[in-house]
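Undergrad: How does the following fold in three dimensions:
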Amino acid sequence: MNLQIPRKKREKKHIPDMYRKVYKWKFMNCLELWTGVVCVYSSEADLRPLAYPLTQIITGVARLVPSACYFPVRLCCVRMLNRISASTGSFFPVSLLLLDMLNIKELHKPPSGRVGKGVDLFSILKVIN
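TA: Model (predicted):
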């Protein structure tokens, strides 16, 4: 029996597994922990330089898979970026992450009727405002 998988198949299967590892709550809780450490000790000279690499990682996680099913992860990342911004006094452009959510194709498709009705977010925004 040949146990080797062709290289292309192995790479295609491996990439979604990498996404799953990043989007697990274990990884997100680790980011939350480091965000808390950087926020609490932002006045320390040794830990303040960690803010920039941490924000780059969080931004990368938020933009990894642009899909509606990962909106909670993206909102969690925006919250972490806002916490770091408030504690360090730095500016991080989180509006791009939020506005990208409105441009995702899944929100503009008509409902399929299989699982349930689609939510029209634009009418909800009009009612709220």
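Undergrad: any idea which helix or strand comes after the helix ranked longest in the chain?
TA: For the chain, the longest helix by residue count, based on DSSP state H, is helix 71-88. From helix 71-88 onward toward the C-terminus, using DSSP states H and E, the following helix or strand is helix 95-102.
Undergrad: relative to helix 71-88, how tilted is that next one?
TA: The directions of helix 95-102 and helix 71-88 differ by 170 degrees, with axes from the mean of the first three to the mean of the last three C-alpha atoms, to 10 degrees as the criterion.
Undergrad: How many residues are close by residue 37?
TA: Look at residue 37: counted by other C-beta atoms under 10 Å, it has 14 neighbours. (Glycine included, C-beta is placed from N, CA and C.)
Undergrad: Check the one 5 residues further on too.
TA: Taking other C-beta under 10 Å as the criterion, the count of residues near residue 42 is 17.
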